[in-house]
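[1] Fold the following.
(2 chains)
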2 protein chains.
Amino acid sequence: MSILVVGSVAFDGIESPSGKRDRILGGAATHFALAASFFTKVRVIAVVGEDFKAEEQAVFDRRGIDTEGIEHVAGKSFFWRGSYVDDLNSAATLATELNVFETFSPKIPASYTDSQYLFLANIDPVLQERVRTQLCDVRMVCGDTMNYWIGAHRENLLLVIKHLDTLLINDGEARLLAGENNLLRAANRILELGPKSLIVKHGEYGATAFFSERSFPGHGGPQSVAFRVPTVLLDEVVDPTGAGDSFAGGFFGSLAESGELTPSSWKRAMFYGATMGAFACERFGTERVQSLTRKEIDNRFAQLRALSHLD
Amino acid sequence: MSILVVGSVAFDGIESPSGKRDRILGGAATHFALAASFFTKVRVIAVVGEDFKAEEQAVFDRRGIDTEGIEHVAGKSFFWRGSYVDDLNSAATLATELNVFETFSPKIPASYTDSQYLFLANIDPVLQERVRTQLCDVRMVCGDTMNYWIGAHRENLLLVIKHLDTLLINDGEARLLAGENNLLRAANRILELGPKSLIVKHGEYGATAFFSERSFPGHGGPQSVAFRVPTVLLDEVVDPTGAGDSFAGGFFGSLAESGELTPSSWKRAMFYGATMGAFACERFGTERVQSLTRKEIDNRFAQLRALSHLD
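    Got it, this is the predicted structure:
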């Protein structure tokens, strides 16, 4: 079943202890779409400038991603430059050029309206909400956000969060959104804001899903209040950019592939999320994920299982 | 099979966001012994002053812990005062009074010499090594240490680490000891220093065991290079003091109870370690662990399994 993702398709400049790339394909929607494409059909809504050329288009085409919803306009694509030289767990932003993203207004192609799964990548919550309300028949909506929107655009963000099936954020964002340091209490406060479930990402330590009584409609309550997945251990984290979006792509892609929303399909999806997030870190930008095979993914899924299961 | 632990039996003064205790029973050997006592017989070597009274002795007695090796001398017991008010993940030390610990020289009672498992809690590595070399027939030796010994007493510490079956330390200590930020590379460097296995504790995110070809003598190589256990989610961390020692007690206690050193017994032991570490945080000092039942422990073990297993 098709996943529709709305978010940024961009160029990144990245420095890390492993090296440097001046200008490579990036953006939350790009990372999400590539990761999800190993599990299901993916459609993208985004905007790019004249610098988005055949080379970039080919990355999407090779993974069979539907890019009809990527609008091409005059000007330059969104550009972000960041450094992980001082801290691999958190990027220092060196430059953000919104460019064509400044006036982005998502348009949904007619061929996309039967999408069953919707992922709202990290963009202005006003845009997230505009897309969501135009696709009210989808089976499941997941969304991401970041500190900036939690702080300066809180009211708009709360409108989006209220209707999400699943919110995916990281530790710091969860604590900021909830105004609470304890993770379990923060999660419970966030679930009171409306989302049926919450996934909190812990970087190199994995992720935790928090469930509510509404997490698995038609399947009774959750068997447990939470589910935790670790990460595989990498001997070199080359570039963590897009790891969270790749996690989301693996997670949501696997759920869409299974076609059902049960505790069991959810847990598998979390493991696929962690699997894709780890691959994303192994090379710069999309280099690793775009060249993966499903066999490599399933082998790593098995490795993650062996790393964490008693038997 | 009996575990012998050598380390501190002490008094702590603790402040945390949940409250304050001016003077309660503490010390690494105390926390370790209480946690391990739910799995196997435990013997303690330590030194206390005249302020260690019947009330403190009763805490050990109620758990059936053999305290023949706790030496009573004139003066005051070791005292530590710390605060978690600013950061629950890391104590700010406000006072350290070595007192009777200053001249501590561990003496091994004759009745302890048949101990099969030895735990060297965090003390001067010179003392750890002295005890270890007097008990060279034990089946397994685990040890803990801390930043202070890694920095200022490195040569002495390396002598101890070289002969350990398992070294248990936290993230920061592992990175400091290895001089390497990447956890997997740090672990591999530490395994080259001699220990057969390594456990790195991640606080609220659980722990990772790293194996070598020598981890499971007689059982072939390990099935995986590592094993990760998460933690249960607590809605209030009252006092993390002793959580690491309680993890060690649950881990080593479970291994001793099983009587075998296999990948399977090791994984179960890691889950029991995480279980005991979480209990330790629920109240101040030893309050929670000393009043536990094995049924509560096994229930939480099952909870931790459900939290992390696909089926």
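
[2] gap between A:G75 and A:A29?
    Distance of A:G75 to A:A29, computed by Cβ to Cβ, to the nearest Å: 18 Å. From N, CA and C alone the C-beta is placed, and that goes for glycine too.

[3] more neighbours, the two?
    A:A29 (28 against 14; other Cβ atoms under 10 Å in any protein chain shown).

[4] who are the neighbours in contact with that one?
    A:V5, A:V6, A:G7, A:S8, A:V9, A:V44, A:I45, A:A46, A:A121, A:D245 (Cβ atoms under 8 Å, 6 or more residues apart in numbering or on different chains).

[5] switch the cut-off to 6 Å
    A:V5, A:G7, A:S8, A:V9, A:V44, A:A46, A:A121 (Cβ atoms under 6 Å, 6 or more residues apart in numbering or on different chains).

[6] after the helix or strand containing it comes which helix or strand?
    Element membership for A:A29 (DSSP states H and E) is helix A:28-36. Next in sequence after helix A:28-36, counting helices and strands by DSSP H and E, comes strand A:42-48.

[7] Which residues does that next one contact?
    Under Cβ under 6 Å, 6+ apart, the answer for strand A:42-48 is A:2-6, A:9, A:29, A:33, A:36, A:65-67, A:69-72, A:77, A:100, A:104, A:106, A:112.

[8] Which entries within the residues you listed meet the buried criterion?
    A:2-6, A:9, A:29, A:33, A:36, A:65-67, A:69-71, A:77, A:100, A:104, A:106, A:112 (16 or more other Cβ atoms under 10 Å in any protein chain shown).

[9] Please narrow the residues you listed to those residing in helices.
    Among the buried ones among the contacts of strand A:42-48, the ones falling in helices (DSSP state H) are A:A29, A:A33, A:A36.

[10] Let me know the average pLDDT across the helix holding A:A29.
    The average pLDDT for helix A:28-36 rounds to 98.

[11] likewise stretch A:238-255?
    Average pLDDT, stretch A:238-255: 97.

[12] circling back to that earlier point, how far out from the middle of the chain is the helix holding A:A29?
    Chain-centre distance of helix A:28-36: 7 Å, with Cα atoms, centre = their mean, to the nearest Å.

[13] what does chain A put close to chain B?
    A:184-185, A:205, A:224, A:226, A:228, A:230, A:233, A:235, A:267, A:306-310 (Cβ under 6 Å from any Cβ of the partner chain).

[14] List the ones among these that fall in helices.
    A:L184, A:R185, A:K267, A:A306, A:L307, A:S308.

[15] show me what contacts the third one?
    Applying Cβ under 6 Å, 6+ apart, one finds that A:K267 lies in contact with A:F227, B:L310.

[16] State the distance from it to B:D61.
    For A:K267, the distance to B:D61 (Cβ to Cβ) stands at 44 Å.

[17] Check the last one too.
    The span separating A:S308 from B:D61 equals 38 Å under the rule Cβ to Cβ.

[18] residue boundaries of the strands in the stretch 101-250 of chain A?
    In the stretch 101-250 of chain A, the strands defined using DSSP state E, counting those that start in this stretch lie at A:117-120, A:140-144, A:166-170, A:197-201, A:207-211, A:226-229.

[19] List buried residues within the ones in helices among the residues of chain A next to chain B.
    Applying 16+ other Cβ under 10 Å to these flags A:L184, A:R185, A:K267, A:L307, A:S308 as buried.

[20] and these, which two are the farthest apart?
    Taking Cβ to Cβ, the two most distant members of those are A:R185 and A:L307; they sit 28.7 Å apart.

[21] Now render the contacts of A:A29 as CSV, adding distance to B:A54.
    Shown next, in CSV, are those (distance: Cβ to Cβ, whole Å):
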residue, distance to B:A54
A:V5, 67
A:G7, 66
A:S8, 68
A:V9, 72
A:V44, 72
A:A46, 72
A:A121, 64
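
[22] in the stretch 151-300 of chain A, which spans are helices?
    Counting by DSSP state H, counting those that start in this stretch, the stretch 151-300 of chain A has helices at residues A:154-162, A:171-178, A:183-192, A:243-258, A:263-280, A:287-290, A:294-308.

[23] Just say which of those is most tucked in.
    Counting by mean count of other Cβ atoms under 10 Å in any protein chain shown, helix A:243-258 has the highest mean neighbour count of the helices of the stretch 151-300 of chain A, with a mean of 28.

[24] Next, the angle strand A:42-48 makes with it.
    150 degrees (axes from the mean of the first three to the mean of the last three Cα atoms, to 10 degrees).

[25] Need the contact partners of helix A:243-258.
    A:1, A:3, A:28, A:31-32, A:35-36, A:39-40, A:117, A:119, A:142, A:168, A:201, A:265, A:268-269, A:272-273, A:275-277, A:280-281, A:289.

[26] Could you list the low-pLDDT ranges of chain A?
    For chain A, applying pLDDT under 70 flags the ranges A:223.

[27] can you pull up the bridge partners for A:K20?
    Counting by DSSP bridges, A:K20 is bridged to A:E15.

[28] A:I70 now?
    The residues that A:I70 bridges to, once DSSP bridges is applied, are A:A46.

[29] thinking again about what came up before, any chance of the strands of the stretch 101-250 of chain A in a markdown table, plus mean neighbour count?
    Shown next, in a markdown table, are the strands of the stretch 101-250 of chain A (neighbours: other Cβ atoms under 10 Å in any protein chain shown):
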| stretch | mean neighbour count |
| --- | --- |
| strand A:117-120 | 28 |
| strand A:140-144 | 25 |
| strand A:166-170 | 25 |
| strand A:197-201 | 25 |
| strand A:207-211 | 24 |
| strand A:226-229 | 26 |
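
[30] among the ones you listed, which is nearest A:H219?
    Nearest to A:H219, of the strands of the stretch 101-250 of chain A and by Cβ to Cβ, is strand A:207-211 at 11.0 Å.

[31] Which strands or helices does the closest one pack on?
    With contacts taken as 3 or more Cβ pairs under 6 Å, 6 or more residues apart in numbering or on different chains; DSSP states H and E, strand A:207-211 sits against strand A:197-201, strand A:226-229.

[32] strands paired with the longest one, and their directions?
    Yep, that's strand A:197-201 we're talking about. The pairing partners recorded for strand A:197-201 under DSSP bridges are strand A:166-170 (parallel), strand A:207-211 (antiparallel).

[33] Distance to B:E192 for those - can I get that in JSON lines?
    Below are the strands paired with strand A:197-201 laid out as JSON lines (distance: least, Cβ to Cβ, whole Å):
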{"stretch": "strand A:166-170", "distance to B:E192": "34"}
{"stretch": "strand A:207-211", "distance to B:E192": "31"}
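
[34] Compare the helices of the stretch 151-300 of chain A and give me the one nearest B:R130.
    helix A:294-308 (37.1 Å).

[35] Pull the closest one out as CSV, backbone CA atoms only.
    What follows is helix A:294-308, C-alpha atoms only, in CSV (Å, rounded to 0.1, in the frame of the first residue of the first chain):
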residue,chain,number,x,y,z
ARG,A,294,16.4,-6.1,0.8
LYS,A,295,18.6,-9.1,1.6
GLU,A,296,21.1,-6.9,3.4
ILE,A,297,18.2,-5.2,5.3
ASP,A,298,16.8,-8.6,6.4
ASN,A,299,20.3,-9.8,7.4
ARG,A,300,20.7,-6.8,9.6
PHE,A,301,17.2,-7.2,11.0
ALA,A,302,18.3,-10.7,12.1
GLN,A,303,21.5,-9.3,13.5
LEU,A,304,19.5,-6.8,15.6
ARG,A,305,17.2,-9.6,16.8
ALA,A,306,20.2,-11.7,17.9
LEU,A,307,21.7,-8.7,19.6
SER,A,308,18.6,-8.2,21.8
